[in-house]
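>>> No sequence on hand, only this structure:
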């Protein structure tokens, strides 16, 4: 096959650089862990380049690395690269067409694949297959538009998996209704492939997804899925269209990040999930000193493509940067997954990283806000010998964050949550949440934290509404467990104890929480199920030495909710507990 390019050199129809797009290049995804050689080699005639690209991108969406002619290295002989990749690939997809049947070079590649027992055949028109390939099964992709559940495509997927010796991805569940599309343009920024060759840089690629998502979320004309939901697809064999269906969006942004030395390159492409078409692609490259400008440019280009009528004020807001100090940003990214665990050791480690970030940039609002909440976790759980000191530090950090917040909805939400928990100033906290959700109605974080604070304050109906809004914006992210707990609290406040029990059981399948077990014990107490209530109390005591009344008063602000929970525990134990303090 590698001789095909030599033939094209003699053609007067195409200059050589264009003609070489008839053949073969490399784009490796992170799915199989290799960067130089690929799982799948694609052979095709130039007239079917669009179909070949669609096959390649859909296979990449399933986690396979694929070579196709978009990225031949400029420093090597193309024929040698092609032969190396053809030999190294474990599967070769030959795309037959009227032109491919007439090509001796496609025939050569097909013969090599057949002899090496790695041939997967596809036909895209009514051409008759040449001998002996007409005796081998061939998937019919005539008229294929990218539907991953099409019979012909399922045959390709199953054949590639069989040749590679791996399990074929399961088709989508029959009858599973997709989420309805929002009334305005909707988008999800999917996990970016880390092409740096360094697993330690995964956090950097994930951070880029979060920052681009945050920038897009400031466009009020867009419905943007939270980065936590999009990142739940990381490492999974799910194509762009399937991901869009599961998330309930029209557009998907895919791409890769390559970080080398002091430079970073982002390659992005926008997919219309309705037909799988790539409607925009662009490459961004700059020094790490200006990494936020890259994020801004990606967000701005995508937003402008999806919704040309985005107002200039929203565009300017999208260009706001969280910090000019890359070292501070790097430390903040490392702290995020530790903070989200809500476990003592991890939270303390996160706080150390955030303190270092704040030392480098004392006005870094989001780092100040998350650090304040870390102190709140330490204070409420008594994870230090100086809880009151942690409370004072958390309050100071929260006010510093709010001073630096400007129009950043996430910083306002973090600050409001800390003010509510550490100062019990609910009026100020609620005003901050209202401002945050007004500035950025796409912030699932702001809606979720607002909902929880309103539930704790006894505003049950509004709290439920806000938590449900957060769930729609972030249906699959790591905050699912927290939202389940919040909804359980809502049902408990409504005296719907059976529903609260079901939610708490679901929650405890995801995470252990002493407050969750205290609430579960109270539910069982009110239902008269003493044995189950005592078992839940046993789980509670295995997680914390703190008395139930201490934890309840730390988590619930409304006296009637405190009484309801403590009465339920008392019913379980056959004891009485002191009334809540004013």
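Noted; the coordinates are in hand. These figures come from a predicted structure and were not determined experimentally.
>>> next one: phi and psi at residue 94?
Per-residue torsions, residue 94: phi -100, psi 120 (degrees, to the nearest 10).
>>> Okay, and the beta partners of it?
Beta bridges link residue 94 to residue 43, residue 121, judged by DSSP bridges.
>>> For it, report the pLDDT, please.
Residue 94 carries a pLDDT value of 92.
>>> Now for it, how many residues are close by?
Neighbourhood size, residue 94 [other Cβ atoms under 10 Å]: 26. C-betas here are computed from N, CA, C, even on glycine.
>>> pretty sure it is in contact with residue 122, am I right?
Yes: in this structure, residue 94 is within contact of residue 122 by Cβ atoms under 8 Å, at 6.9 Å.
>>> Count residues in the vicinity of residue 333, would you?
For residue 333, the count of nearby residues is 18 (other Cβ under 10 Å).
>>> What distance do you get for it to residue 510?
According to Cβ to Cβ, to the nearest Å, residue 333 stands 24 Å off from residue 510.
>>> can you check residue 241 too?
Going from residue 241 to residue 510 by Cβ to Cβ gives 28 Å.
>>> Same question for residue 445.
Per Cβ to Cβ, residue 445 is found 18 Å from residue 510.
>>> Please say which of these two ends up with more neighbours.
Shown here are residue 445 and residue 510; by other Cβ under 10 Å, residue 445 has more neighbours (23 against 13).
>>> pLDDT wise, what is the more buried one at?
pLDDT at residue 445 comes out at 89.
>>> so it makes contact with residue 217?
No: in this structure, residue 445 is not within contact of residue 217 by Cβ under 8 Å, at 9.8 Å.
>>> between the two, what contacts are shared?
residue 409 (Cβ atoms under 8 Å, 6 or more residues apart in numbering).
>>> From the chain's centroid, how far away is stretch 227-236?
3 Å (Cα atoms, centre = their mean, to the nearest Å).
>>> Span of that stretch from start to end?
Length of stretch 227-236, first residue to last, Cα to Cα, to the nearest Å: 16 Å.
>>> Now do the buried residues in that stretch.
For stretch 227-236, burial by neighbour count (16 or more other Cβ atoms under 10 Å) applies to 227-234.
>>> Single out whichever of the residues you listed has the smallest pLDDT.
For the buried residues of stretch 227-236, the least confident entry is residue 228, with 80.
>>> Quick check: which element contains that one?
Using DSSP states H and E, residue 228 falls within helix 227-231.
>>> What is that helix packed up against?
In terms of contacts (3 or more Cβ pairs under 8 Å, 6 or more residues apart in numbering; DSSP states H and E), helix 227-231 is packed against strand 186-189, helix 202-217, helix 240-247.
>>> what mean pLDDT would you report for stretch 534-550?
Mean per-residue pLDDT for stretch 534-550: 92.
>>> oh sorry, the question was meant for stretch 396-416
Averaged over stretch 396-416, pLDDT sits at 93.
>>> got a list of contacts for it?
214, 217-218, 317, 320, 322, 358, 362-366, 368-373, 375, 418-419, 422, 428-433, 435-437, 439-440, 443, 445-446, 449-450, 453.
>>> Give me the distance between the two termini of it.
Its first and final residues considered, stretch 396-416 spans 13 Å by Cα to Cα.
>>> Quick one: neighbours of residue 167, just the number.
Using other Cβ under 10 Å, residue 167 has 9 neighbouring residues.
>>> what number of residues lie near the nearest residue to it once chain neighbours are set aside?
Leaving aside its sequence neighbours, residue 167 sits nearest to residue 161 (Cβ to Cβ, 6 or more residues apart in numbering; 6.4 Å). Residue 161: 18 surrounding residues under other Cβ under 10 Å.
>>> In three-state terms, how would residue 161 be classified?
Secondary structure for residue 161, judged by DSSP: H, G, I helix; E, B strand; the rest coil, is helix.
>>> okay but it is in contact with residue 120, surely?
No: look at residue 161 against residue 120 with Cβ under 8 Å: they stay out of range, at 9.9 Å.
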